[in-house]
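**Q** Output the structure for:
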Amino acid sequence: MKFNFKVLSLVVLLLSIGIGTVIAQDDTYKVAFLLADSPSDQGWNAAHYRGIEQIKELGEVVEENGLSFNVALEDGTVLEVQVVENIGYNDADIERVARQVINGGADYVFGTWFDSMSAISRLAEEFPDVLFEHGSGYPFVASNDTNFSTYFIRIEESDYVAGYVAGLLGYSDVGLVGTFSIPEPVRGVNGFALGLQDGLAEIGEDPAKSNVQVIWINSWLDRELEVQAATALLDEGFTVIRQMADTPYSSQTTCETEGNIAIGYGSDVSGVADCSLMTNEWKWGAYYVPQVQAALDGTWETHDWWEGFAADALGITGWNDELVPADVQEKAQALIDSIAAGEFNPFCGPISGTGLSPEGDVVEIDVPEGMCLSDMDQLTMQWYVDGVSGEYPAAPPDGFELELVEAASE
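**A** Numbers count the residues shown, from 1 in each chain. Below is the predicted model:
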């Protein structure tokens with residue numbers, strides 16, 4: 001009898017790491033995650049990587065190489081998870097790297113940031129046998145019915161909770177460091193402002209006296225610009241700074257002066273900003289794990305996914321027990337439970353606000369009691385609720401045509 005020593009060596013290796021089934025070298029499924037920056041940013045990319053790492057729960061990790069890793073599954077398949085960081089924001093660079101992972105055998109590709117949309121959507125048309133996903137808060141216009149889905153988290157639900165906490169603590173004037181004045185951040189700003197007003201009203205303060213002053217840095221993450229914006233707001237007299245940039249530098253800058261208060265965003269900032277009240281964070285694993293499993297099972301379907309607390313895709317972390325009393329934390333949790341159960345919608349009227357018309361005129365916007373902003377109203381939001389100040393978002397080309405929906409009956 002003639003032995004194949006290569007096969008025997010492979011069996012011994014697999015048994016030594018606790019796997020009882022021989023895995024053929026070509027019995028693999030390759031998933032590639034593309035990141036604009038590095039998980040070391042302590043913000044957007046760090047949050048995505050936390051979610052990516054949860055894919056390890058699908059089996060047993062048999063190899064790790066930097067950010068990438070392989071997982072041995074029960075059926076003998078090796079799930080290869082490739083993570084490519086620091087791709088940047090240039091469309092040509094994004095397409096070049098995406099092509100590299102596809103040519104390297106990727107079966108499934110995730111573009112995890114706004115700027116990857118164009119390249120990912122083009123490649124989805126070119127490679128119909130590869131699955132593609134694009135994650136962004138942009139209106140869902142790019143998905144197709146074959147191999148391309150979009151996904152995002154309803155971060156504005158937890159923006160509302162963050163504002164509610166600040167209001168319950170009596171803070172009425174908040175400086176906010178924003179990224180781009182496109183619908184995703186704008187509805188987060190509005191969600192925060194509405195929560196702030198409701199928190200103030202609950203403690204008997206006049207919500208009309210609240211002010212959320214926004215500075216847009218026109219970048220997703222830029223340490224220098226984030227520091228400059230936070231400093232400018234602090235110099236204007238704001239002692240409470242809401243971080244909404246993708247990295248923690250505005251919160252960190254705020255906490256360098258005693259007596260200031262920061263509110264984190266996306267990833268827990270408590271380790272670098274000790275004056276932060278809390279952080280509302282993204283939990284991308286709630287999407288990544290079931291989606292990868294569906295691809296493995298052959299049940300993957302195209303969709304436009306947009307979920308929040310109900311899907312456990314959001315959380316509140318980094319509570320500062322010295323600054324936020326236990327009863328306030330309990331009220332925040334009760335609010336989260338109510339939103340998750342569909343019992344409360346932060347974007348139901350009465351809500352009033354203003355925006356700019358295509359001609360540059362200020363337009364009043366009204367959401368009456370009993371009506372709510374539809375998903376598309378939120379996904380295209382280019383106006384401020386009352387109580388928000390700062391440079392207006394660009395006017396929508398066709399003006400403001402809210403479709404509104406009736407509030408769910410109690």
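
**Q** Can you report how many residues neighbour Glu406?
**A** Residues lying near Glu406 (other C-beta atoms under 10 Å) number 9. The way it works is simple: take the backbone N, C-alpha and C, and place the C-beta from them, glycine included.

**Q** The closest residue to Trp300 other than its chain neighbours: which element?
**A** Distance criterion C-beta to C-beta, 6 or more residues apart in numbering; nearest residue to Trp300, sequence neighbours excluded, is Ala294 at 4.4 Å. Here Ala294 is covered by helix 285-297, with elements defined by DSSP states H and E.

**Q** and if you look at Ile52?
**A** Under the criterion of DSSP H and E, Ile52 resides in helix 44-53.

**Q** now the closest residue to Tyr384 other than its chain neighbours: how far from Arg187?
**A** Closest residue to Tyr384 apart from its sequence neighbours, by C-beta to C-beta, 6+ apart: Gly353 at 5.3 Å. To Arg187, Gly353 is 11 Å away according to C-beta to C-beta, to the nearest Å.

**Q** thinking again about what came up before, for the helix holding Ile52, packing partners?
**A** Counting contacts by 3 or more C-beta pairs under 8 Å, 6 or more residues apart in numbering; DSSP states H and E, helix 44-53 is packed against strand 78-84, strand 276-282, helix 285-297.

**Q** and these as TSV, adding mean pLDDT, distance to Tyr108 and mean neighbour count?
**A** Formatted as TSV, those follow (pLDDT from 0 to 100; distance: least, C-beta to C-beta, whole Å; neighbours: other C-beta atoms under 10 Å):
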stretch	mean pLDDT	distance to Tyr108	mean neighbour count
strand 78-84	98	10	21
strand 276-282	97	20	26
helix 285-297	98	5	18
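
**Q** Out of the ones you listed, flag the one nearest Lys209.
**A** With C-beta to C-beta, the closest approach to Lys209 among the helices and strands packed on helix 44-53 belongs to strand 276-282: 19.9 Å.

**Q** now what about the closest one, what contacts it?
**A** For strand 276-282, the external contacting residues (C-beta atoms under 8 Å, 6 or more residues apart in numbering) are 44, 47-48, 51, 153, 155, 158-159, 161-162, 165-166, 169, 251, 255, 261-270, 313-320, 323-324, 332.

**Q** Stretch 224-239 - what's its average pLDDT?
**A** The pLDDT scores in stretch 224-239 average 97.

**Q** And it, what's buried?
**A** For stretch 224-239, the neighbour count (16 or more other C-beta atoms under 10 Å) marks 225-231, 233-234, 238-239 as buried.

**Q** Format the CA atom coordinates belonging to it as PDB.
**A** Listed next in PDB are the C-alpha coordinates belonging to stretch 224-239 (Å, rounded to 0.1, in the frame of the first residue of the first chain):
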ATOM      1  CA  GLU A 224      -7.000  68.100  12.600                       C
ATOM      2  CA  LEU A 225     -10.400  69.200  11.400                       C
ATOM      3  CA  GLU A 226     -12.200  67.500  14.300                       C
ATOM      4  CA  VAL A 227     -10.000  69.200  16.800                       C
ATOM      5  CA  GLN A 228     -10.400  72.500  15.100                       C
ATOM      6  CA  ALA A 229     -14.200  72.200  15.100                       C
ATOM      7  CA  ALA A 230     -14.400  71.200  18.700                       C
ATOM      8  CA  THR A 231     -12.100  74.000  19.700                       C
ATOM      9  CA  ALA A 232     -14.200  76.500  17.800                       C
ATOM     10  CA  LEU A 233     -17.300  75.400  19.500                       C
ATOM     11  CA  LEU A 234     -15.700  75.500  22.900                       C
ATOM     12  CA  ASP A 235     -14.400  79.000  22.200                       C
ATOM     13  CA  GLU A 236     -18.000  80.000  21.400                       C
ATOM     14  CA  GLY A 237     -18.900  79.000  25.000                       C
ATOM     15  CA  PHE A 238     -20.300  75.500  24.400                       C
ATOM     16  CA  THR A 239     -19.300  73.300  27.200                       C
END
